[in-house]
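# Here is the input, now give the coordinates:
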Amino acid sequence: MNLPNILTILRILLIPVFIIVFAIPSVTRSHLAALIFIFASLTDWFDGYLARKFKQVTLSGKLLDPVADKLLVMSALIMLVEFQRVTSWLAILIIGRDIAITGLRAIASSVGIVIAAKEIGKLKTTVQIIAIVLLILDYPVFLTERMIDLHSVGTIVLWFSAILAIISAFDYSIKFWMNVKRT
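As a prediction, the model looks like this:
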C-alpha cells in the first residue's frame, strides 16, 4: 500500500467523522465540519499529485479515488439537504450526474476506453467544494462593515457548479458515444 492509496482510504474514513461532527448541533460544528471536509478534499489533490509524481498509480487507486470523491461530496450534499441548506432536487441533480458519469466511465473502461477528466470537470469539482464549504459554514459573517450571508453565496456557487456539472456531463457523454462508435 502506497501513500496515495493511504490518502484515498483516509478520505473515505473521514466521511463518517465529517457526518458525525456536522450532525451534532453546536456553535463550533460548522467550523470543524468545514475543516474536515476541506482536509478530506485536499487529500484528493495530494493523492493524485503524489501518485503521478512518484509513479505510484495503481489499479486500486484508480478504482477507489473516484469512489472516495463521490462519497465525500454525496455525503456532504445529503447532510446539507438534511439541514435545509440545499434543496433536495439540486442535490439529486448533482448526485445523479456524478453517478451517471461514473457509470459511463466504468462502461467505457470495461471495453478499454479511458475517458479522462477534462478541465471543466476539474473546475466543476473545485467550484462544488467551495460551494459545499460555504454552505457548511451556515451563519452570516462580517467583513468590514458589510455582512455576508454565506448561505446565499454558497447557493449561488453551488448553482454554478451544477451548470458546470451539466456541461461536463454532455462533454463526457459525447466522448463516450464517439468512442463507442469506433469500437
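
# In stretch 72-89, which residues are buried?
72, 73, 74, 75, 76, 77, 79, 80, 81, 85, 86 (16 or more other C-beta atoms under 10 Å). (C-beta placed from N, C-alpha, C; glycine too.)

# Going toward the C-terminus from the helix or strand containing the second one, what's the next helix or strand?
Just to be clear, that refers to residue 73. Take DSSP states H and E as the rule and residue 73 turns out to sit in helix 59-82. Per DSSP H and E, the first helix or strand lying C-terminal to helix 59-82 is helix 88-110.

# Report the inter-axis angle for whichever helix or strand comes after that following helix versus helix 59-82.
Using DSSP H and E, the helix or strand that follows helix 88-110 in sequence is helix 119-136. Angle, helix 119-136 to helix 59-82, by axes from the mean of the first three to the mean of the last three C-alpha atoms, to 10 degrees: 40 degrees.

# and helix 119-136, what does it pack onto?
Applying 3 or more C-beta pairs under 8 Å, 6 or more residues apart in numbering; DSSP states H and E, one finds that helix 119-136 contacts helix 29-53, helix 59-82, helix 150-182.

# Show me what the second one packs onto, helices and strands only.
If I follow you right, that is helix 59-82. Judged by 3+ C-beta pairs under 8 Å, 6+ apart, helix 59-82 is in contact with helix 3-23, helix 29-53, helix 88-110, helix 119-136.

# How about residues contacting the second one?
So that's helix 29-53. Helix 29-53 has contacts (C-beta atoms under 8 Å, 6 or more residues apart in numbering) with 2-5, 7-8, 10-11, 14-15, 17-18, 21-22, 56-58, 61, 65, 68-69, 72, 76, 129, 132-133, 136-139.

# Stretch 113-127 too?
By C-beta under 8 Å, 6+ apart, stretch 113-127 touches 69, 104-105, 108, 157, 160-161, 164-165, 167-168, 171-172, 175-176, 179-180, 183.

# and with 6 Å instead?
Identification of contacts with stretch 113-127 by C-beta atoms under 6 Å, 6 or more residues apart in numbering yields 105, 108, 160, 161, 164, 165, 168, 175, 179.

# out of these, which are buried?
Listed as buried from those are 105, 108, 160, 161, 164, 165, 168, 175; burial here means 16+ other C-beta under 10 Å.
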